[in-house]
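Engineer: dropping the sequence and predicted coords here.
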Amino acid sequence: MPATSTTAEVVQSELEAVQPYSMHVSSKYLELTNKKLQLTRLPREIELPDEKRWDYGTPKSVLEPLLDFWLEKYDWRTQEQLFNTTLPQFRTTVKSPPPSTDAAGTSSSLRIHFVHKRSTHKDAIPLLFCHTWPASFIEVHKIIDALTEPQSLPGYDSGAQVAFHVVAPSIPGFGFSDSSSHYDFGARQTADAFHQVMETLGYTTYVSHGTGWGFNVCRALALGYPQSCMAVHTANPSFAEPTMRRTPAAWMKYQVARWTRGKISSLNFGYLPAEVEASEYTEQGSVQKTQLTGTHKELGIPTLASLHAQRPQTLAFSLCDSPIGLLASLLDSVHTRDSSGASLPARAQSPFLSPSELEMQEVQEIRHARSSRHESEIKAQSYTWTPTELLNWTMLQWLPGPEASLRWLRCASVEASTTSAFSTAYCEVPLGISSFRGGDGGSTSDNRNSSSKRRRAAHTPLMWGSAVWNLVWTKRHQHRASISAAWEAADLLVVDMREYFGSVVLASFKERQRE
């Protein structure tokens, strides 16, 4: 084992390659943004009943007030200063390998932007936070202080005060990271870049968290670097159904749970009655299961994701020149509320949902149509996005331009195909799951007019994940619904991450520190 002084010298040399970074968007670009907003031409709409006003996409009645707010009240400089003050940012350079089809190619360099906040706790665990799409590094903003200094925010947890050194990089092409010029740069290449960042910071072992597309990056880390990525945590994941051919043990457990309808604790293998009932509609409903070319079979209408994820450059021509277009897309991807506080009605399929989420959204529509019972009297709490929050998220898409992130989405979508080696390989790294689905453990029925149901995206049974993961921990929050848990359910997510990582890896980190 190398001497401590030698190790310190190596770490110091690596840290010299890390440069502090602060956001400062040029005034000319902000003026251009304002002009684009002033010149916005909003489309005409047809009259629709309230329950159908999202069927064609983001309603004008929701978007127009936000356009006015953006022009009259929103101040990017204030938000820029806030994030520069609360999120310590840096840049470093990593090596990016050539495309997989170009064996003779040479590696290129990418500047990776990241947030890095160390804890003062000596037993803190290095945590790699992988943001999703269409989010950015600011997704970590609401939880970073509670993760690094748990005692500074005692209201977040009355139990064990597990602390973390938090690293939240921007995916190449997102935020202030360079975009890759390689056409096949997706989740696996992102994992390679993020692992290099962790090594540069001196973190040879770490844990990771990510939801949505960020969870795909976590999976790539766990598959590619199992000796370094010691555990993964996610929220509201979707998994492919176990099959007898690929995963016979997981398939058999699911069949037993179905046979008992999840009502016998010794035979449900972690499945809940509501999950078993919901999953059966996948087989009963006429939903065509494809990742990128799927259509709603009953209507014969291609999903927006199947059109846009396959043709990112075409979509980029529209969105790279229209900040209001990006805002409309973001609104269609998050479960937001209008200014009156009433939940927005159910919306049509969005190009900003992952393919698996789109598929399960179709399944949920069939379930809605078949169910006539009312949901539990206890309704799920839901989060209200403020106009400033929506515009902050939009600005972090607008500033770098959406074209690189759209290309990344296409590649990540191909990687995530349900039949790909990436999706079907078994991962030995421990996985913990938090579920924020607003009642998925309670009543098994749905009410189309329920606000919690409108806000909740449909998901597969959590235990389907045991077919491809070493699933060791789950927690279901029956009365909290969220899409972005780090933003919409920050308090509960922090507690869950402390509990899970504290129980799975904290002892290992303490042992290594004593060596």
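Structural biologist: Good, I have the coordinates.
Engineer: buried stuff in stretch 202-222?
Structural biologist: Within stretch 202-222, the residues that count as buried by 16 or more other CB atoms under 10 Å are 203, 205-222. Where C-beta positions appear, they are placed from N, C-alpha and C, glycine not excepted.
Engineer: sorry, that was for stretch 413-423
Structural biologist: Here stretch 413-423 shows 413-418, 422-423 as buried, counting by 16+ other CB under 10 Å.
Engineer: pull up the distance across that stretch, start to finish.
Structural biologist: Terminal residues of stretch 413-423 lie 11 Å apart, using CA to CA, to the nearest Å.
Engineer: any idea how far that stretch is from the chain center?
Structural biologist: Put simply, stretch 413-423 sits 17 Å off its chain's centre (CA atoms, centre = their mean, to the nearest Å).
Engineer: check stretch 466-479 too.
Structural biologist: Centroid separation for stretch 466-479 versus its chain: 16 Å, with CA atoms, centre = their mean.
Engineer: quick check: of the buried residues of stretch 413-423, which lies closest to Val18?
Structural biologist: Nearest to Val18 out of the buried residues of stretch 413-423 is Glu415 (CB to CB; 28.8 Å).
Engineer: doesn't Leu147 make contact with Met497?
Structural biologist: Yes: with contact defined as CB atoms under 8 Å, Met497 reaches Leu147; the gap is 7.0 Å.
Engineer: what do those two both touch?
Structural biologist: Shared contacts of Met497 and Leu147 (CB atoms under 8 Å, 6 or more residues apart in numbering): 127, 164.
Engineer: burial count for Trp393?
Structural biologist: By the measure other CB atoms under 10 Å, the count of residues near Trp393 is 23.
Engineer: go on, Gln38?
Structural biologist: A count of nearby residues for Gln38, using other CB under 10 Å, gives 9.
Engineer: from what I can see it touches Leu71, true?
Structural biologist: Yes: using CB under 8 Å, Gln38 is in contact with Leu71, at 6.8 Å.
Engineer: residue ranges with poor pLDDT in the stretch 401-515 of the chain?
Structural biologist: Scanning the stretch 401-515 of the chain for pLDDT under 70 picks out 438-459, 510-515.
Engineer: if we go to 80?
Structural biologist: Applying pLDDT under 80 to the stretch 401-515 of the chain picks out residues 437-459, 479-481, 507-515.
Engineer: do a quick rundown of the strands in this structure.
Structural biologist: 19-21, 89-96, 108-117, 125-130, 164-169, 206-210, 229-235, 295-296, 301-302, 427-435, 469-476 (DSSP state E).
Engineer: what's the fifth one packed up against?
Structural biologist: The elements that strand 164-169 packs onto, with contact taken as 3 or more CB pairs under 8 Å, 6 or more residues apart in numbering; DSSP states H and E, are strand 108-117, strand 125-130, helix 144-148, helix 187-200.
Engineer: what does the third one contact?
Structural biologist: Counting by CB under 8 Å, 6+ apart, helix 144-148 makes contact with 86-87, 115, 117-120, 124, 127, 152-153, 156-157, 163-166, 168, 490, 494, 497, all of which sit outside it.
Engineer: could you pull out the helices for the stretch 401-515 of the chain?
Structural biologist: For the stretch 401-515 of the chain, the helices defined by DSSP state H, counting those that start in this stretch occupy 403-415, 421-424, 451-455, 485-488, 490-504, 506-514.
Engineer: filter the contacts of helix 144-148 to the buried ones?
Structural biologist: 87, 115, 117, 119, 124, 127, 156-157, 163-166, 168, 490, 494, 497.
Engineer: related to what we said a few turns ago, tell me which of the helices and strands packed on strand 164-169 sits most buried.
Structural biologist: Ranked by average neighbour count under the criterion mean count of other CB atoms under 10 Å, the helices and strands packed on strand 164-169 are headed by strand 125-130 at a mean of 27.
Engineer: adjacent strands (with direction) for that strand?
Structural biologist: Strand 125-130 sits in its sheet next to strand 164-169 (parallel), strand 206-210 (parallel), going by DSSP bridges.
Engineer: and for the residue nearest to Glu80 when sequence neighbours are not counted, the neighbour number?
Structural biologist: Excluding its sequence neighbours, the residue lying closest to Glu80 (CB to CB, 6 or more residues apart in numbering) is Met23, at 5.1 Å. Using other CB under 10 Å, Met23 has 17 neighbouring residues.
Engineer: poorly predicted segments of this structure, please.
Structural biologist: Applying pLDDT under 80 to the chain flags residues 1-16, 97-107, 151-160, 248, 250-251, 253-310, 334-382, 437-459, 479-481, 507-515.
Engineer: does Tyr203 touch Val167 like I think?
Structural biologist: Yes: the criterion here is CB under 8 Å, and Tyr203 meets it with Val167 at 7.3 Å.
Engineer: just the buried residues of stretch 487-500, please?
Structural biologist: Quick answer for stretch 487-500 (16+ other CB under 10 Å): 487-490, 492-500.
Engineer: with distance to Ala274 added, can I get those residues in TSV?
Structural biologist: Output for the buried residues of stretch 487-500, formatted as TSV (distance: CB to CB, whole Å):
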residue	distance to Ala274
Trp487	25
Glu488	21
Ala489	19
Ala490	25
Leu492	19
Leu493	22
Val494	26
Val495	23
Asp496	20
Met497	25
Arg498	27
Glu499	23
Tyr500	23
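Engineer: distance of the closest residue in space to Gly325 that isn't next to it in sequence from Ser466?
Structural biologist: In this structure, Gly325 finds its nearest non-sequential neighbour in Leu319, 5.0 Å apart by CB to CB, 6+ apart. Applying CB to CB, to the nearest Å, the value for Leu319 to Ser466 is 38 Å.
Engineer: if we can go back for a sec, could you export the helices of the stretch 401-515 of the chain as CSV, including distance to Pro312?
Structural biologist: Shown next, in CSV, are these (distance: least, CB to CB, whole Å):
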stretch, distance to Pro312
helix 403-415, 4
helix 421-424, 20
helix 451-455, 28
helix 485-488, 25
helix 490-504, 30
helix 506-514, 40
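Engineer: picking that back up, ok, the residue nearest to Glu80 - contacts?
Structural biologist: Contacts for Met23 (CB under 8 Å, 6+ apart) come out as 80, 83-84, 89, 176.
Engineer: which among those residues count as buried?
Structural biologist: Buried among the contacts of Met23 by 16+ other CB under 10 Å: 80, 83, 89, 176.
Engineer: just give me the closest of these to Ala274.
Structural biologist: So of the buried ones among the contacts of Met23, ranked by how close each gets to Ala274 (CB to CB), first place is Phe83, at 39.0 Å.
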